[in-house]
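> The sequence and its predicted three-dimensional model are supplied below.
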Amino acid sequence: MSTGATAVSNGRFSRVRDAFAWEGTGLLGVLVIVFVLLSIYAPNFLTTANLLNVLQQAAFFGIVAFAMTLVIVSGEIDVSVGSSAALTSSLVGYMVASMGFSMPLAALIAVAVAVSLGAFVGWIRHVFNVPTFIGTLALFLALRGAAHLVTNTFPIPIDSGEFFYWGTGRIFGVPVAALYLLIAFIVVAFIANFTVFGRSVYAVGGNARTAQISGINVLKVRIFVMAISGFTAGITGLLQTAQLASGNSNIAQGLEFDAIAAAVIGGTAMSGGKGSVVGTLIGVLFVAILLNGMVLLGLNPYFQQVVRGALVLFAVLINVVRTRRSHT
Amino acid sequence: MTALDEVVLECEDLSKSYGRVQALDKVSLTLHRGEVRALLGKNGAGKSTLVKLLSGVEHPDKGAGEIRLAGQPVRWSSALAAQHGGITVVHQEFSLVPELSIAENITLGHWPSRGGIVDKAEIRRRASKAMAMLGVELPLTWPVSRLSTAEQQLVEISKALSVEPKVLILDEPTSALNSAEVEVLIALLRRLASQGVSIIYVSHRMREIPAVADTLTVLRDGREVATRRVKDVSTQEVASLIAGSNRATDAQGLLKKREVSDEVVLEVKGLNVPEVLENASFNLHRGEVLGLAGLLGSGRTELLETIFGQRPNGSGEVTVLGRKLGARRPGKMLDAGVGMTTEDRKRSGIVPVLSIAENMMLSARGRVLGGPMLDIAGERASADSLVEKLRIRTDGLRQPIGTLSGGNQQKAVIGRCLASNMKVLLLDEPTRGVDVDAKRQIYDLIRELADAGVASVFVSSELEELSQVCDRVLILRDGGIREELPGDEATSERLLALAMTGKEGHVA
């Protein structure tokens, strides 16, 4: 049962029971094993500095992955997030460096563009029945191109002074990016499990016709979900901008697939209506820890891609097997 | 109407049971060359089971009966085997691939090839031969998606003919056609019969029977009740053979007359759906159960969908509790207190992966339960009480609804309307695919709700249901509301006769 079902409980110990019945449990177990093995064999893995670093790295695709979970649960997909993040970064660089905008204003405008583009895809999905794969594929191509046009493919250095603190600084030693990851998780998990909108996302993804006849505004759900995805892409673009201290059109290549992979590893079904933000968090941590561990173990970086691919397939197969067993 | 003496198909004492349900009980049938046999019966009478046995989709029970084709006993291993053997079915739902050409569709599954390359000329040759047999001409290279429903039906029949069957079975072939198209189809079928093809014609529409069929067989409760020559029987007789009710027991089942409030909760005026419904108007009173009787394709579903704002091409005026509702859509109707359950539960009734509780709360959220945050305590209380009230059998509120039985699913779907305190329910075939006990419970529920002031529009193709549950029944026919019967006069027999022909007397 997904965490979604926590909305209505029917027993005093249901939450405890759920924790064991929950699909992510197996993955969590594997994650713990991997964590322990890396702690033993990978030098410097189990240090505060390294673990905080893992969280910071995780933020670069994790924030998007949470929104992507909502997108996939609603029965859609968003492959434009990487290009959208790149456009955000490029626009910020251009507005600050060439137009003399203040950093906050530039950030606001650039994120607003990302949000609107997402909302637009949700709108044409509903009204013209353009599949979101197609709509966002178009953006994937067009926005990357637009980003390159804005920056001429060169990084636009920007000096925003203290504003970058909000992207690169630390609070009590914890990188702010890691905090954003945590905040994004809490907010999206809350939306998914405790708001009418969040539950509507599951209903629309599970059966849009039923949702519509039940009085759910399906158009609104689709627009909002895609807009949220655009928003997280924009935030990710800003984080990278701060990290690199420049507007850059080459960032976030492959972000969409990292995010989708994390959601799928976490048990989200591509068929819609099924998935959980908690599962995605585990998927995000799994990928981040594994990548970090491989770096520490000195493996060839290209090997990481292979492992990640295997992980996606493995996780989905496990879910399929579990589902089959529970149905017989 | 010459039926040649040569016997093509014989079945003897065919039986088929599903679990404890005897779907078909020792049915025998003899079909001659070039004969058109109408197969009649209510839903669940055994028509489709018989068709399935004849066409190899299902097997008769062990040792229960025999099918002989041209004198030879046959036992089909599959539908394909039956097709090769000479029995082909044209199903009610089309099996055409919209983007393939007419010729490709007609020969689908039997595409000739030369060295792995499709032989297009041969495809066209076979397709035009099949169409010539039926006596129609359509552009072979057009994609099927360009054709009207009636033309697609003809392609479907041509496809069946392409394997040159001895027996052609047509399942409700006219349900999607208008009356002019029906006439054309009937003429083509008569022509086909005169070429020696035997046809089994499954239909509800009594009026077509004399025009198309030589003989008719009536099934009821899985048994053959009568086989007659069409010109020897009246509609009245056929209707009572189908209904199988003697008046005494039927009258007992009728709902006793009740006082119904004269407060109008739903007023429908001048409803139109192009090519389906014209100028349908009625009033629904507080606490009233209003039945809509009509055959498949009579516009029952379209009527409800138009009221509920589900049909972009439907128009008309709807007033709920004195308030006129323009630009209707489901959300707005629910806000006004009108809920709907659709006839196809899987497609638009449930969200199968979500829990039963979630499914019941979909409409209440943002309405009686408020928003934007979930009212978790409220949801739980509401779901608990609904499960109890509706006697839904479940392992727990969190069981995915897709794993429940049809009856329990349906109760939950009705529960969704109740959770948000609807005043008017539009129920489209609420007992379809539901077992007998659950049906009874659903009737009782609708009556209980009526006593509590909730009005319902009840659409059903099982006319006995309407007799038992409704205070008043409207008969839909030929694109409009044609008659009205008070509940205590609405015997299923009368409803059937009216729905089929508009007459309670003889076929012309």
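Thanks, I have it.
> wait, what's in contact with B:Pro274?
B:Asn313 (CB atoms under 8 Å, 6 or more residues apart in numbering or on different chains). Every C-beta, even on glycine, is put in place using the N, C-alpha and C of the backbone.
> separation between it and B:Glu183?
For B:Pro274, the distance to B:Glu183 (CB to CB, to the nearest Å) stands at 21 Å.
> so how many other residues sit close to the residue in the stretch 401-508 of chain B that chain A sits nearest to?
Relative to chain A, the nearest point of the stretch 401-508 of chain B is B:Arg416 (6.3 Å; CB to the nearest CB). Using other CB atoms under 10 Å in any protein chain shown, B:Arg416 has 26 other residues around it.
> which SSE is the closest residue to A:Asn292 other than its chain neighbours in?
Nearest in space to A:Asn292, with sequence neighbours left out and distances taken as CB to CB, 6 or more residues apart in numbering or on different chains, is A:Val54 at 4.8 Å. Using DSSP states H and E, A:Val54 falls within helix A:48-73.
> tell me the angle the helix or strand just after that helix makes with helix A:48-73.
Note on helix A:48-73: by DSSP H and E, the next helix or strand toward the C-terminus is helix A:81-97. Computed with axes from the mean of the first three to the mean of the last three CA atoms, to 10 degrees, the direction of helix A:81-97 lies at 110 degrees from that of helix A:48-73.
> Give me the packing partners of helix A:81-97, helices and strands only.
Here helix A:81-97 is seen to pack against helix A:48-73, helix A:103-127, helix A:132-151, strand A:156-157, helix A:218-244, strand A:246-247, helix A:255-265 when contacts are counted using 3 or more CB pairs under 8 Å, 6 or more residues apart in numbering or on different chains; DSSP states H and E.
> buried residues in it?
A:81-97 (16 or more other CB atoms under 10 Å in any protein chain shown).
> and if you look at stretch B:428-447?
Within stretch B:428-447, judged by 16+ other CB under 10 Å, the buried ones are B:428-432, B:434, B:438-439, B:441-443, B:445-447.
> Stretch B:219-226 too?
B:Leu219, B:Arg220, B:Gly222, B:Arg223, B:Glu224.
> Where does the prediction get shaky in the stretch 1-150 of chain A?
By pLDDT under 70, the low-scoring segments of the stretch 1-150 of chain A are A:1-25.
> what sits against residue 280?
All of this refers to chain A. A:Thr280 neighbours (CB under 8 Å, 6+ apart): A:Ala65, A:Phe66, A:Met68, A:Thr69, A:Ala262, A:Ala263, A:Gly266, A:Thr268.
> ah, no, chain B please
So B:Ala280 contacts B:Val268, B:Gly270, B:Leu271, B:Asn272, B:Gly299, B:Leu303, B:Gly316, B:Leu476, B:Gly480, B:Ile481 (CB under 8 Å, 6+ apart).
> try B:Val218
B:Leu40, B:Gly41, B:Glu224, B:Val225, B:Ala226, B:Thr227, B:Val238, B:Leu241, B:Ile242.
> mind checking how far B:Pro173 is from chain A?
For B:Pro173, the distance to chain A equals 27 Å [CB to the nearest CB, to the nearest Å].
> separation between the residue of the stretch 401-508 of chain B closest to chain A and B:Gly115?
From B:Arg416 to B:Gly115 the distance is 58 Å (CB to CB).
> Over to B:Tyr201?
42 Å.
> the more surrounded of the two?
The residue with more neighbours, out of B:Tyr201 and B:Gly115, is B:Tyr201; 24 against 5, by other CB under 10 Å.
> what about the helix or strand the more buried one falls within, average pLDDT?
Secondary structure from DSSP H and E places B:Tyr201 in strand B:198-202. The average pLDDT for strand B:198-202 rounds to 95.
> just stretch A:272-281 next, same as before
Mean predicted confidence for stretch A:272-281 is 94.
> Now do the end-to-end distance for that stretch.
End-to-end span of stretch A:272-281 (CA to CA, to the nearest Å): 18 Å.
> Report whether B:Leu498 is found in a helix, as I expect.
Yes: membership of B:Leu498 in a helix is supported by DSSP: H, G, I helix; E, B strand; the rest coil.
> confidence score at the closest residue to it other than its chain neighbours?
Spatial nearest neighbour of B:Leu498, excluding adjacent residues (CB to CB, 6+ apart): B:Ile475 at 4.6 Å. You'll see B:Ile475 listed with a pLDDT of 94.
> element containing B:Ile475?
Counting by DSSP H and E, B:Ile475 is found in strand B:472-477.
> Which elements pack onto that strand?
strand B:289-293, strand B:480-486, helix B:492-501.
> so which of these is the most packed in?
strand B:289-293 (a mean of 27; mean count of other CB atoms under 10 Å in any protein chain shown).
> Tell me the gap between the very next helix or strand once past that one and the middle of its chain.
Next helix or strand after strand B:289-293 toward the C-terminus (DSSP H and E): helix B:300-307. Average the C-alpha atoms of helix B:300-307, do the same for its chain, and the two points are 15 Å apart (CA atoms, centre = their mean, to the nearest Å).
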